[in-house]
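Trainee: Got a predicted structure plus its sequence, pasted below:
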Amino acid sequence: MARRATLAAALIVIAIAVFMWTRPRPRLDRPDILTRVQQLNRLTTVRYTIQKVVGLTDQKYPVGSESILLIMQANVEAGIDLAGMHPGDVSKLPDGTVVLRLPEPRLLNVFIDEKETKVWDRQKTWWTPWVPYSNDLEQRARLAGLATVKQTALDMGILGQAERNAETSIQGLLGLAGVKSVRFVPWKGT
């Protein structure tokens, strides 16, 4: 009895395997591939969280100064904007390999995490108590911090990582659609 159940289970597994191998697979041509890739639109593939300490000093007229020390945390997201791909960016080789030219990776979003950002210290010179605090010093510190965070992310290689992650994601997507091999060619600016 157990042998019959095992034999029946084995036959079912073999039948399923034969069905899976012999069923027709969808054929993807260049427009289909381009459409599937473009559906990803802006593909954000990497996010860095960076903390910076920003200090600014504002000289007051005629004498004195005001300073601020801001501890800032910001997020930097990078990826690829796939909506701008053209039919010439996709080709298919006779062996079925899909060749893609992806757009250049870029920073997609840089923003301050307000929950983790705070003014650590703010003061003005003690001998000028009549000089009012600057209304925009904190805003200038935040803008300077964002510029620093952006450059730090670039220096850390965020764009290279975004490109590698995008290639992996697209290769997985096309693999699910039945594409066996995907090759990426370098982006060429116009």
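Mentor: Yep, that arrived.
Trainee: so where is the protein shaky, pLDDT-wise?
Mentor: Along the chain, the parts satisfying pLDDT under 70 run over 1-41, 126-131, 188-190.
Trainee: Helix or strand: which one has Ile170?
Mentor: helix 158-176 (DSSP states H and E).
Trainee: Next SSE downstream of that helix?
Mentor: strand 182-185.
Trainee: For the protein, which segments are assigned as strands?
Mentor: For the chain, the strands defined by DSSP state E cover 42-59, 65-81, 90-92, 98-101, 106-112, 118-124, 182-185.
Trainee: out of those, nearest to Asp136?
Mentor: The closest of those to Asp136 is strand 42-59. By Cβ to Cβ, the value is 9.0 Å. Every residue, glycine included, has its C-beta placed from N, CA and C.
Trainee: which secondary structure elements does that closest one contact?
Mentor: In terms of contacts (3 or more Cβ pairs under 8 Å, 6 or more residues apart in numbering; DSSP states H and E), strand 42-59 is packed against strand 65-81, strand 106-112, helix 137-155, helix 158-176.
Trainee: Comparing the ones you listed, which comes out most buried?
Mentor: Most buried of the helices and strands packed on strand 42-59, by mean neighbour count (mean count of other Cβ atoms under 10 Å): strand 65-81, with a mean of 20.
Trainee: in its sheet, what does it sit against?
Mentor: Strand 65-81 has its sheet partners listed here by DSSP bridges as strand 42-59 (antiparallel), strand 106-112 (antiparallel), strand 118-124 (antiparallel).
Trainee: how many degrees apart are the first one and helix 158-176 in direction?
Mentor: Strand 42-59 and helix 158-176 are oriented at 160 degrees to each other (axes from the mean of the first three to the mean of the last three Cα atoms, to 10 degrees).
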